[in-house]
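*Asks:* give the three-dimensional model of this entry:
(chains A and B)
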2 protein chains.
Amino acid sequence: MINYDEFAKVEIKVGKIVSAEKIPDTDKLLKLMVDFAEEAPRQIVSGIAMHFPDPQVLVGKKAMFVTNLEPRTIKGHESNGMLFAVSSESAFSLLEPSGDIPVGTKAK
Amino acid sequence: MINYDEFAKVEIKVGKIVSAEKIPDTDKLLKLMVDFAEEAPRQIVSGIAMHFPDPQVLVGKKAMFVTNLEPRTIKGHESNGMLFAVSSESAFSLLEPSGDIPVGTKAK
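*Replies:* Model prediction:
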C-alpha cells in the first residue's frame, strides 16, 4: 500500500510519437522521439521492438509515458522517460487516450 | 525527478467496470464496481459523473486504476482504488487497453 503523496510524485503524461526506429544491433530496442509540448521532443528508448515489426505504425500515436524518471542510458542511448503500457504473455497494448486530449496532459 | 523504485511502488492495473451508478445527492460521484480478477470486484468511487450523463456507457469497459492506494471514504462511500485517466479543460478520456489484455494486468 502507498499513500496519495507517493502516488502523486509519479508524473505520467500523454506524449505523441513523432518518430520511431529500431536501434541497430539490438533485439528489443526502439528509439522514439516523443512530443510532450515541451521545447523539443524527448528521446525515449523502449524495449518493445518485438511488438512492432514495423515501428512506423507508432508514428502519430498518442500514448502514456513516465516523464519524471531520472534519465537513463540504455545500450549507449539516452532515454528521457519511459513508455507506460500494458502487456500480457500474448498481447501488448499502448494506453492511447482519445485524440482530443492535448499532448503534455498529466494523467491522474 | 523520481527514481525507478519510487515509480515501481505505484500499482496501476487494468480493471473492467462491471457496474456504474451515480451516487445520490452528489454532483460528481460515480460508484463503480471493478473487476481486477480478484476474489470479488472492488468498489471504487470516482468524480467523473459530469463526463458520463449515462453511467451505463461505462459498463464493460476496461480502464486503468491505481490499485494500491490506502482505502478512502468519500462522502460516506468506501473507495478501494482510484480511476487513472486523463482530462483537459474540454475533454476527458479513460485509458483503455486493447481488449485482449487480461483484467488485473499491471501497467509498466
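
*Asks:* backbone dihedrals for the residue nearest to residue A:92 when sequence neighbours are not counted, both of them.
*Replies:* Using CB to CB, 6 or more residues apart in numbering or on different chains and skipping residues adjacent in sequence, the residue nearest residue A:92 is residue A:51, 4.2 Å away. The C-beta positions use only the backbone N, C-alpha and C, and glycine is treated the same way. Main-chain torsions, residue A:51, degrees, to the nearest 10: phi -90, psi -10.

*Asks:* hmm, residue A:51 is touching residue A:93, no?
*Replies:* No. With contact defined as CB atoms under 8 Å, residue A:51 does not reach residue A:93; the gap is 9.2 Å.

*Asks:* how many residues are close by residue A:53?
*Replies:* With neighbours defined by other CB atoms under 10 Å in any protein chain shown, the count for residue A:53 comes to 8.

*Asks:* helix or strand for it, which one?
*Replies:* Assessed by DSSP states H and E, residue A:53 sits outside every helix and strand.

*Asks:* can you check the one 10 residues further on too?
*Replies:* Element membership of residue A:63 [criterion: DSSP H and E] is strand A:62-66.

*Asks:* keeping just the C-alphas, turn that strand into PDB.
*Replies:* The C-alpha coordinates for strand A:62-66 follow below in PDB (Å, rounded to 0.1, in the frame of the first residue of the first chain):
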ATOM      1  CA  LYS A  62      -0.600   9.300 -28.600                       C
ATOM      2  CA  ALA A  63       0.400   7.100 -25.700                       C
ATOM      3  CA  MET A  64       1.400   7.400 -22.000                       C
ATOM      4  CA  PHE A  65       4.900   7.900 -20.700                       C
ATOM      5  CA  VAL A  66       6.500   8.300 -17.300                       C
END
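
*Asks:* ok, what's across the strand from the residue nearest the centre of chain A?
*Replies:* Nearest to the mean C-alpha position of chain A, by CA atoms, centre = their mean, lies residue A:83 at 2.6 Å. Under the criterion DSSP bridges, residue A:83 forms beta bridges with residue A:65.

*Asks:* alongside chain B, which residues does chain A contribute?
*Replies:* A:1-4, A:6-7, A:9-11, A:14, A:64, A:66, A:68-70, A:82, A:84-88, A:90-91, A:93, A:95-98, A:100-102, A:105-108 (CB under 8 Å from any CB of the partner chain).

*Asks:* the same query, at a cut-off of 6 Å, please.
*Replies:* Chain A comes close to chain B at residues A:1-3, A:7, A:9-10, A:14, A:66, A:68, A:70, A:84, A:86, A:88, A:91, A:93, A:95, A:97-98, A:100-102, A:105, A:107, as judged by CB under 6 Å from any CB of the partner chain.

*Asks:* now the helix or strand hosting residue A:18: buried residues?
*Replies:* In the assignment (DSSP H and E), residue A:18 maps to strand A:12-22. For strand A:12-22, a neighbour-count test (16 or more other CB atoms under 10 Å in any protein chain shown) marks A:12-17, A:19-20, A:22 as buried.

*Asks:* which one of these is nearest to chain B?
*Replies:* Of all those, chain B sits closest to residue A:14, with 5.9 Å by CB to the nearest CB.

*Asks:* contact partners for that closest one?
*Replies:* Residue A:14 makes contact with A:62, A:97, A:101, A:103, A:105, B:86, according to CB atoms under 6 Å, 6 or more residues apart in numbering or on different chains.

*Asks:* separation between it and residue B:84?
*Replies:* Using CB to CB, to the nearest Å, residue A:14 is found at 13 Å from residue B:84.
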